[in-house]
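[1] I'd like to go over a predicted model; first the sequence, then the structure.
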Amino acid sequence: MPTPVRLGGLEQNPAYVLLSPLRVCPQRPTAVREVPVPLSDERRRRLVEFLASLGLTGLGPDLDPIEEALTHSSAGRPLNHERLEFLGDAVLRLAAAEYLERHHRAMDVGQRSALRAQLVSDRWLAELGERCGIEAILHLGPVAAGDWAARQTIRAEICEALIGGLYEATGSLDPVHRWLTPHWQRSARELLADPYRHNWKTGLQEWSQGQGLGLPHYRSEERSRRHGDPRRFHCWVDLQDRPVGEGWGGSRRDAEQQAARSALEQREAISPLPGSSEAS
């Protein structure tokens, strides 16, 4: 039989003590947050101008979360983007769900989920950062600044952190919607017009199987060893041992996607291949 223990002067069964939600825990030290470096007048002016270029004005005087979001961890400063990137991930998904509820209510849940996955992807965030010129306002360490292969990742991370910073600075999703809605509208139009956009391999596979042509086969060659080279890999895609498309990319995966895209764009010429449903 378990030996009773005393808690608050009363005997307690040890099993009850372990399972009870009112357990007494040892006191732990409270985490201390770093104090942000005061913003200079020049830096404050640049931040206000950058936010205005995103369509964001009148956000209030607290720009510390914005500065934190725009400070990459490579800069070696006490406060950097990582905390707000974590927050921004959740805020981005909620804001995207709200956008779809407002603008695409006719879609079912599955369609919304598929579209949202595109509108919150790292690829989409990286493109957003490039369109907004976010690198011009960053605090970036010299090693990261010279790493061209990491640029897309950095832009995506900082955009996500800025989303978190906007939410923390205002306590509202409104500035997030003001910034992102025009970009979401543009991307949604493109994606709905081309459902396989950025996922052309899936589109080609579904189409080729529907045509009775079997599965596509990809052949890739590395043409450059330079990281960040957009033409590092060259890829061909074959159907029934015949080349039907080719593409270039900074990675093998990107090159395959571009080859599949090329094949889909000329699928009318591919359809008469022997064995296809249209040729039979």
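    Good, I have the coordinates.
[2] contacts for stretch 162-169, please.
    Counting by Cβ atoms under 8 Å, 6 or more residues apart in numbering, stretch 162-169 makes contact with 56, 59-60, 62-66, 68-70, 83-89, 91-92, 95, 134, 173, 175-176, 179-180, all of which sit outside it. C-beta coordinates here come from the backbone N, C-alpha and C atoms, glycine included.
[3] from those, list just the buried residues.
    56, 59, 63-66, 68-70, 83-85, 87-88, 91-92, 95, 134, 173, 175-176, 179-180 (16 or more other Cβ atoms under 10 Å).
[4] excluding its backbone neighbours, what's nearest the most centrally placed residue in the chain?
    Nearest to the geometric centre of the chain sits D122, at 2.4 Å (Cα atoms, centre = their mean). In this structure, D122 finds its nearest non-sequential neighbour in A156, 4.4 Å apart by Cβ to Cβ, 6 or more residues apart in numbering.
[5] mind listing what that neighbour touches?
    If you count contacts by Cβ under 8 Å, 6+ apart, A156 has them with D122, R123, L125, A126, G129.
[6] quick one: which of those is nearest H227?
    For H227, the nearest member of the contacts of A156 is A126. The distance, counting by Cβ to Cβ, is 15.9 Å.
[7] what comes into contact with the host helix or strand of A255?
    Assigned by DSSP states H and E, A255 belongs to helix 252-265. Contacts of helix 252-265 from elsewhere in the structure, counted by Cβ under 8 Å, 6+ apart, are 196, 198-201, 203-204, 207, 216, 218, 220, 222, 232-237, 239, 244-249, 270.
[8] now do the strands in the chain.
    Read by DSSP state E, the chain holds these strands, from start to end of the chain: 5-7, 10-12, 217-222, 233-239, 242-249.
[9] go through these and name the closest to Q185.
    Q185 sits nearest to strand 242-249 of all those, at 27.6 Å, using Cβ to Cβ.
[10] and the closest one, what does it pack onto?
    Here strand 242-249 is seen to pack against strand 233-239, helix 252-265 when contacts are counted using 3 or more Cβ pairs under 8 Å, 6 or more residues apart in numbering; DSSP states H and E.
[11] what about 10 Å?
    Packing contacts for strand 242-249, counted by 3 or more Cβ pairs under 10 Å, 6 or more residues apart in numbering; DSSP states H and E, involve helix 200-210, strand 217-222, strand 233-239, helix 252-265, helix 267-270.
[12] relative to the whole chain's centre, how far out is the last one?
    Between the centre of helix 267-270 and the centre of its chain there are 34 Å (Cα atoms, centre = their mean, to the nearest Å).
[13] can you count the residues close to D241?
    D241 has 7 neighbours, counted by other Cβ atoms under 10 Å.
[14] quick check: it touching P216?
    No - using Cβ atoms under 10 Å, D241 is not in contact with P216, being 11.3 Å away.
[15] apart from its chain neighbours, what residue comes closest to I163?
    G88 (3.9 Å).
[16] please name the residues that touch that neighbour.
    If a contact means Cβ atoms under 10 Å, 6 or more residues apart in numbering, then G88 has 69, 81, 95, 125, 157-168, 176 as its contacts.
[17] using PDB, write down the CA coordinates of the lengthiest helix in the chain.
    Counting by DSSP state H, the longest helix found in the chain is helix 82-103. Backbone C-alpha positions of helix 82-103 (Å, rounded to 0.1, in the frame of the first residue of the first chain) are rendered in PDB as follows:
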ATOM      1  CA  GLU A  82      12.700  34.700 -34.500                       C
ATOM      2  CA  ARG A  83      10.100  35.300 -31.700                       C
ATOM      3  CA  LEU A  84       7.800  37.300 -33.900                       C
ATOM      4  CA  GLU A  85       8.200  34.800 -36.800                       C
ATOM      5  CA  PHE A  86       6.700  32.200 -34.500                       C
ATOM      6  CA  LEU A  87       3.800  34.500 -33.700                       C
ATOM      7  CA  GLY A  88       3.400  35.600 -37.300                       C
ATOM      8  CA  ASP A  89       3.000  32.000 -38.500                       C
ATOM      9  CA  ALA A  90      -0.200  31.600 -36.500                       C
ATOM     10  CA  VAL A  91      -1.400  35.200 -37.300                       C
ATOM     11  CA  LEU A  92      -0.900  34.600 -41.000                       C
ATOM     12  CA  ARG A  93      -3.000  31.400 -41.100                       C
ATOM     13  CA  LEU A  94      -5.800  33.100 -39.200                       C
ATOM     14  CA  ALA A  95      -5.800  36.100 -41.400                       C
ATOM     15  CA  ALA A  96      -5.700  34.000 -44.600                       C
ATOM     16  CA  ALA A  97      -8.700  32.000 -43.300                       C
ATOM     17  CA  GLU A  98     -10.600  35.300 -42.700                       C
ATOM     18  CA  TYR A  99      -9.700  36.500 -46.200                       C
ATOM     19  CA  LEU A 100     -11.100  33.300 -47.700                       C
ATOM     20  CA  GLU A 101     -14.200  33.600 -45.600                       C
ATOM     21  CA  ARG A 102     -14.800  37.200 -46.900                       C
ATOM     22  CA  HIS A 103     -13.800  36.800 -50.500                       C
END
